[in-house]
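Enquirer: Curious how this folds, go ahead:
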Amino acid sequence: MKVLLTEKLNVGDLILTTTSSPISQAIRLATKGDISHAMLYVDTCSVVDATLEGVQARNTQRILLENDRAVHVLRLKDKASSQEIISVCDYVRARIGTQYSVKEAIRSGIGGSDTWTRKQFCSRLVAQAYASVGIHLVADENFCSPNDILESNLLKEIYDVTRAANEDDLRITDVTDKTQLMRDATNKLLKCTRAKNKTIEDINDILAHLQNTPSDDDYFHNALIESGYLTVWQRDIDECFWRYDLATLEAMPATDKVKSYCLNTLNDVGRSRRRCALNASGHDRLFQRFPLKTFKALRDLDALLLDLLHARRYTAATWLSRHAPNALQPIIHVPHTPEWFIEYEIEEPDRAALTRIVLSSVGREDVCSICGDDPAADYRMAGFILPGILTCTLRLCEDCLKIRTMQFDEMYVPLQL
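Expert: Have a look, this model is predicted:
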């Protein structure tokens with residue numbers, strides 16, 4: 001068996017695989033290719049794909065590939081912007097839970113159709129995701145095969161993307177698969193809600209249904225609870241408390257495996273935080289308009305997940321500062337530079353959007369990030385700077401500096417790079 005090399009993969013990569021199963025063999029014969037499945041790499045060790053259990057996220061560390069079967073990793077020849085890649089990944093994540101269409105998957109190999117449903121299959125999902133940002137990998141993203149994607153002239157292949165599986169890779173099946181728990185809870189929730197509305201495909205459809213039919217709030221809220229959707233996070237704390245507690249992590253041997261975990265945590269937590277922050281903000285706005293128990297439960301869940309992300313991030317960063325201080329550098333950017341906006345649109349999307357509006361309204365960049373007044377000076381958040389964590393920097397006028405200090409209890413010092 002073999003496994004994917006995480007260090008070779010970039011977010012937005014397409015991973016094409018196959019197995020020796022009869023279904024995979026039939027797909028390869030029909031498409032005259034050597035692969036039968038397509039996945040989108042959306043985060044460190046994480047893909048989203050469409051299989052018979054629907055659109056779901058999976059841990060690449062649990063994907064064991066047969067030695068004699070093809071694996072292709074494809075990347076855009078012309079680099080897309082970071083925002084385009086974020087949007088592509090958001091597209092597939094928003095469709096998690098969507099049902100699989102065997103009929104349309106077969107249809108893609110025999111000429112397609114002029115009509116299609118919202119259901120998914122693997123190659124349609126990834127092709128539609130890229131088409132959503134104007135990047136058309138294939139002639140017909142609604143009916144295409146993994147082999148069509150492999151032959152796309154917009155993609156290039158990345159080589160040497162696998163290694164032989166070792167004992168640790170094989171033993172991972174002995175550890176609880178948290179992504180499987182999430183898949184099970186999501187599918188149970190959607191199965192229950194589809195009993196009320198058979199057109200529901202994903203979580204966003206639940207939100208739309210409740211806005212139109214708020215009288216179903218009790219039913220949907222009970223479905224959230226009974227599916228276990230609200231409590232999947234608890235298993236990780238029960239089994240891996242060291243990720244959240246520095247004293248417990250420090251009591252473990254300082255191995256390369258722990259270092260690798262900490263590095264991966266800091267590398268991907270910004271994207272995870274952005275998703276949680278946007279979801280929490282969206283659910284809160286819905287709750288303000290429609291004070292339903294379902295919306296409140298989802299808002300509170302996202303707020304809790306944000307807290308857990310922060311705990312994992314600071315635990316990992318503090319461990320690295322003590323045991324591998326040169327492994328990562330602190331992330332400090334001068335306010336209003338392109339690099340500053342790139343980081344803050346991932347880490348603090350609401351703050352970054354507000355600053356863009358302010359700068360646009362005054363037509364200058366050398367003004368206060370908050371109100372647009374001049375003069376303004378550059379500051380960073382006071383306190384110990386941890387490796388791999390974005391240090392908050394702002395360009396502030398005297399009034400906004402006083403407000404953030406006195407009303408928001410934030411302390412700033414002059415930025416010196």
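Enquirer: what helix or strand is Asp148 on?
Expert: Under DSSP states H and E, the secondary-structure element containing Asp148 is helix 146-150.
Enquirer: what's Thr318 sitting at in phi/psi?
Expert: Recorded main-chain torsions at Thr318 are phi -70, psi -40, according to degrees, to the nearest 10.
Enquirer: no, scratch that, I was asking about Asp378
Expert: Recorded main-chain torsions at Asp378 are phi -90, psi 130, according to degrees, to the nearest 10.
Enquirer: same check, this time on the one 4 residues further on
Expert: Reported as degrees, to the nearest 10, the phi and psi values for Ala382 are phi -70, psi 160.
Enquirer: which ones are touching it?
Expert: Shown in contact with Ala382 (Cβ atoms under 8 Å, 6 or more residues apart in numbering): 411-413. The way it works is simple: take the backbone N, C-alpha and C, and place the C-beta from them, glycine included.
Enquirer: Who wins on neighbours among those residues?
Expert: Taking other Cβ atoms under 10 Å to define a neighbour, the member of the contacts of Ala382 with the most is Tyr412, carrying 18 neighbours.
Enquirer: Tell me the pLDDT of the closest residue to that residue other than its chain neighbours.
Expert: Counting by Cβ to Cβ, 6 or more residues apart in numbering, the nearest residue to Tyr412 once its immediate chain neighbours are dropped is Tyr379, at 3.8 Å. According to the model's per-residue confidence, Tyr379 sits at a pLDDT of 97.
Enquirer: residue contacts, Tyr379?
Expert: With contact taken as Cβ under 8 Å, 6+ apart, Tyr379 is in contact with 393-396, 401, 412-415.
Enquirer: distance of Arg299 from Leu224?
Expert: 12 Å (Cβ to Cβ, to the nearest Å).
Enquirer: coming back round to it: what packs against the helix holding Asp148?
Expert: When contacts are defined as 3 or more Cβ pairs under 8 Å, 6 or more residues apart in numbering; DSSP states H and E, helix 146-150 packs onto strand 14-17, helix 22-31, strand 37-43, strand 72-76, helix 122-131.
Enquirer: so how far is that helix off the chain centroid?
Expert: The offset between the C-alpha centroid of helix 146-150 and the centroid of the whole chain comes to 24 Å, using Cα atoms, centre = their mean, to the nearest Å.
Enquirer: Same question for stretch 289-298.
Expert: Computed by Cα atoms, centre = their mean, the separation of stretch 289-298 from the middle of its chain amounts to 23 Å.
Enquirer: now do stretch 148-165
Expert: Relative to where its chain is centred, stretch 148-165 has its mean C-alpha point 22 Å off (Cα atoms, centre = their mean).
Enquirer: Run through who's touching that stretch.
Expert: Looking at stretch 148-165 with Cβ under 8 Å, 6+ apart, the contacting residues turn out to be 1-5, 8-9, 13-14, 16, 31, 33, 35, 38, 64-65, 71-78, 123, 126-127, 135-139.
Enquirer: How about stretch 286-303?
Expert: Under the criterion Cβ under 8 Å, 6+ apart, external residues in contact with stretch 286-303 comprise 206-207, 210-211, 214, 217-218, 220-221, 224-225, 230, 276-277, 279-280, 283-284.
Enquirer: Please enumerate the strands of the protein.
Expert: Taking DSSP state E as the criterion, the chain carries its strands at 2-4, 14-17, 37-43, 46-51, 54-59, 72-76, 155-158, 162-164, 377-381, 393-396, 412-414.
Enquirer: Start from the middle of this protein and tell me which residue ends up furthest away.
Expert: Of all residues in the chain, Pro375 has its C-alpha farthest from the mean position, at 38.5 Å, by Cα atoms, centre = their mean.
Enquirer: which residues touch Arg194?
Expert: Going by Cβ under 8 Å, 6+ apart, Arg194 touches Ile200.
Enquirer: from the chain's centre, how far out does stretch 228-236 sit?
Expert: If you compare the mean C-alpha spot of stretch 228-236 with that of the full chain, they lie 18 Å apart, counting by Cα atoms, centre = their mean.
Enquirer: re earlier: from the contacts of stretch 286-303, which land in helices?
Expert: Where the contacts of stretch 286-303 overlap with helices, as defined by DSSP state H, the overlap consists of 206-207, 210-211, 217-218, 220-221, 224-225, 276-277, 279-280, 283-284.
Enquirer: Could you point out which of the residues you listed is nearest to Ile237?
Expert: Comparing the ones in helices among the contacts of stretch 286-303 against Ile237 with Cβ to Cβ picks out Cys276 as the nearest, at 16.1 Å.
Enquirer: Please report how far that closest one lies from Val42.
Expert: Using Cβ to Cβ, one gets 14 Å for the distance from Cys276 to Val42.
Enquirer: Could you check which of these two has the larger neighbour count?
Expert: Applying other Cβ under 10 Å to Cys276 and Val42 shows that Val42 carries more neighbours, namely 25 against 21.
Enquirer: show me what contacts the residue nearest to that one when sequence neighbours are not counted?
Expert: Taking Cβ to Cβ, 6+ apart as the measure, Val42 lies nearest to Cys89, with 4.3 Å between them; neighbours along the chain are not counted. Applying Cβ under 8 Å, 6+ apart, we find Cys89 in contact with 11-12, 40, 42-43, 48, 129, 271.
Enquirer: Same list (those residues) but as CSV, adding distance to Pro146 and pLDDT.
Expert: Converted to CSV, the contacts of Cys89 look like this (distance: Cβ to Cβ, whole Å; pLDDT from 0 to 100):
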residue, distance to Pro146, pLDDT
Val11, 20, 94
Gly12, 17, 97
Leu40, 12, 98
Val42, 18, 94
Asp43, 21, 88
Val48, 15, 97
Ala129, 14, 98
Arg271, 26, 75
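Enquirer: Which two of those have the greatest separation?
Expert: Pairwise distances across those peak at 15.6 Å for Ala129 and Arg271 (criterion: Cβ to Cβ).
Enquirer: and these two? which has more neighbours close in?
Expert: The neighbour comparison of Ala129 against Arg271 (other Cβ under 10 Å) goes to Ala129, with 26 against 19.
Enquirer: Do you know the pLDDT at Ile172?
Expert: Per-residue confidence at Ile172 stands at 68 (pLDDT).
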